[in-house]
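What follows is a predicted protein model with its sequence.
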Amino acid sequence: MVDKPDFVKAGGDTGFEDMVAQDFVAPFLFICQANSPYCLPDNQLYNQEARPGKIINTLSQKVYDSVHVVPVRYKFKNVVWKPRNIGGGFVASYDRESTPDKDFTSDPLSGRVKTKDGNDVMQTAYYLCLLIEEGNDKVIIGMSSTQLKKSRQWNALMQSARDGIDVIPMYATKYVLSTTPESNAKGKWYGWNIQPDGWVQEELYNMAKEARQQYVDFLPERLLATTRQSDEKETPF
């Protein structure tokens, strides 16, 4: 974008006064796998810079080896997807307290959790973050399947920062996110590597605090419905 004209001033009335969090769409940060649409030349989402193990912003389409983020909010969801062999697609999502566990069963063959209708249930941890590489724009990172362990480790790392007995806000620290190759008996994929990167500056701290207050519900179902189910175990490289 060209430089802002001198007569355009920030602050005051902006025209955005009646907008709330649900009126915005935050992009996702995804890890590119070998069968990600961003890596397939015949897919409409193909990005010539995308490679397995790279990180992509789904809105800006910018591709990174690593990114710096400030976590702002966390939310856990049980997300229901149609099986991929019948076309896939989002069905519903539940918070922990609203999850209809009695309708879920564990498939003894695959180890997956299923609904009575045969849909897949993916436990997913979501983070609303500020992406430093893109002017501190808001992005969402989802971790499911094998990456839930990374989510729990990240949560523990964030909660380990204390002032006496008081936990310091998660948005007081920034993190470097990169990727690392992983594997098990079912396949190979790229997963997250998360490392602390020091305290944020006061301006960024206040920006993150404001975003946390404004974006209480950063995961409306209409947004989840636009994403794709991810399963690292089925995305070999």
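Everything's here; your move. Residues are numbered from 1 along each chain as shown.

ok, so what distance separates residue 179 from residue 64?
Noted for residue 179: a distance of 10 Å to residue 64, by C-beta to C-beta, to the nearest Å. C-beta here means a position set from N, CA and C on the backbone, and glycine is covered the same way.

Need the overlap of contacts for these two.
Residues touching both residue 179 and residue 64 (C-beta atoms under 8 Å, 6 or more residues apart in numbering): 54-55.

how about the residue lying closest to residue 150 once chain neighbours are set aside, secondary structure?
Excluding the flanking residues, the one nearest residue 150 by C-beta to C-beta, 6 or more residues apart in numbering is residue 192, at 4.8 Å. Reduced to three states with DSSP: H, G, I helix; E, B strand; the rest coil, the structure at residue 192 is strand.

just use 316 as the starting number from now, easier for me
Understood, numbering begins at 316; the last thing we discussed is residue 507.

wait, residue 507 sits on residue 494?
Yes - with contact defined as C-beta atoms under 8 Å, residue 507 counts as touching residue 494 (6.5 Å).

Can you pull the residues that touch both of the two?
Here residue 507 and residue 494 share the contacting residues residue 346, scored by C-beta under 8 Å, 6+ apart.

thinking again about what came up before, count of residues packed around the residue nearest to residue 465?
Residue 507 is surrounded by 21 other residues when neighbours are defined as other C-beta atoms under 10 Å.

State which strand of this structure is the longest.
Of all the segments of type strand in the chain, defined by DSSP state E, the longest one is strand 382-396.

mind listing the helices for this protein?
Along the chain, the stretches classed as helices by DSSP state H are 463-474, 517-529, 536-539.

Spatially central, which residue of this protein would that be?
Within the chain, the residue whose C-alpha comes closest to the C-alpha centroid is residue 456; the distance, by C-alpha atoms, centre = their mean, is 1.3 Å.
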